[in-house]
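>>> Based on what follows, work out the 3D shape:
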Amino acid sequence: MKKFLLVLAGFIATSMFYVVSAQDEPTPEQMAAGATTDRQAVFKLLRFNIGPILAMTQGAPFDAELAERNGRRIAAIAPMIPEVLGAMDTRGYDVETAALDLVWDNLDDIQIKAQALISAANEFSDVASGGDMASTLGAVRTLGGACGNCHETYRADD
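Prediction:
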């Protein structure tokens, strides 16, 4: 929960930066940096929520309530993916990002993939709500695949 709050605080701080700097027009470089920070905050929140789910598949104690809650959170955050990616094309700026340049040429596909993630996260959560460990852990593959579909195409390798 601390990580979630820290990421949320960072997102709020970035938003406040925009309000404060609205008095002085931000430079395009500042705008690109802010857009990148916002983007990364959304993906950190997604990672924060999928991490415990993936840990359960690797031997961490099973917790159906946590799995369902985090799946619902992923479904709630996923609509922000196309929004934060579409907010600003940062290809022409010196920002540190794992996003490949082709992201901004394929925002319609990003929207489709985000919708697939929402559906997969909701389906996973529905399964987890039943409390059955085998079914829940089996449903992780579809959820992870929905995340991976975007990573394979639009994210630089780690």
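>>> What are the boundaries of the helices in this structure?
For the chain, the helices defined by DSSP state H occupy 2-21, 28-57, 64-77, 80-86, 107-128, 133-154.
>>> Where in this structure is the helix or strand with the lowest mean pLDDT?
Lowest by mean pLDDT, DSSP states H and E among the helices and strands of the chain is helix 2-21, with a mean of 65.
>>> ok so, going back, out of the helices of the chain, which comes closest to L100?
L100 lies closest to helix 133-154 among these, at 5.4 Å (CB to CB). Quick note: C-beta positions are derived from backbone N, CA and C, even for glycine.
>>> residues contacting G130?
A64, T136 (CB atoms under 8 Å, 6 or more residues apart in numbering).
>>> now the most centrally placed residue in the chain: how far from N106?
Residue closest to the mean C-alpha point of the chain, counted by CA atoms, centre = their mean, is F43 at 3.2 Å. Separation of F43 from N106 (CB to CB, to the nearest Å): 17 Å.
>>> low-scoring stretches of the protein, by residue?
Residues of the chain meeting the criterion pLDDT under 70: 1, 4-10, 13-22, 158.
>>> let's go with 90 and repeat that
Applying pLDDT under 90 to the chain flags the ranges 1-24, 148-152, 157-158.
>>> send the alpha carbons of stretch 54-68 over as PDB?
What follows is stretch 54-68, C-alpha atoms only, in PDB (Å, rounded to 0.1, in the frame of the first residue of the first chain):
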ATOM      1  CA  LEU A  54       2.100 -12.900 -10.300                       C
ATOM      2  CA  ALA A  55       3.800 -13.700  -7.000                       C
ATOM      3  CA  MET A  56       1.000 -16.000  -6.200                       C
ATOM      4  CA  THR A  57       1.800 -18.000  -9.300                       C
ATOM      5  CA  GLN A  58       5.300 -18.400  -8.100                       C
ATOM      6  CA  GLY A  59       4.500 -19.700  -4.600                       C
ATOM      7  CA  ALA A  60       3.400 -16.700  -2.600                       C
ATOM      8  CA  PRO A  61       0.500 -17.400  -0.300                       C
ATOM      9  CA  PHE A  62      -2.800 -17.400  -2.300                       C
ATOM     10  CA  ASP A  63      -5.200 -14.600  -1.400                       C
ATOM     11  CA  ALA A  64      -8.400 -14.600  -3.400                       C
ATOM     12  CA  GLU A  65      -9.500 -11.200  -2.000                       C
ATOM     13  CA  LEU A  66      -6.200  -9.500  -2.900                       C
ATOM     14  CA  ALA A  67      -6.300 -11.100  -6.400                       C
ATOM     15  CA  GLU A  68      -9.800  -9.900  -7.000                       C
END
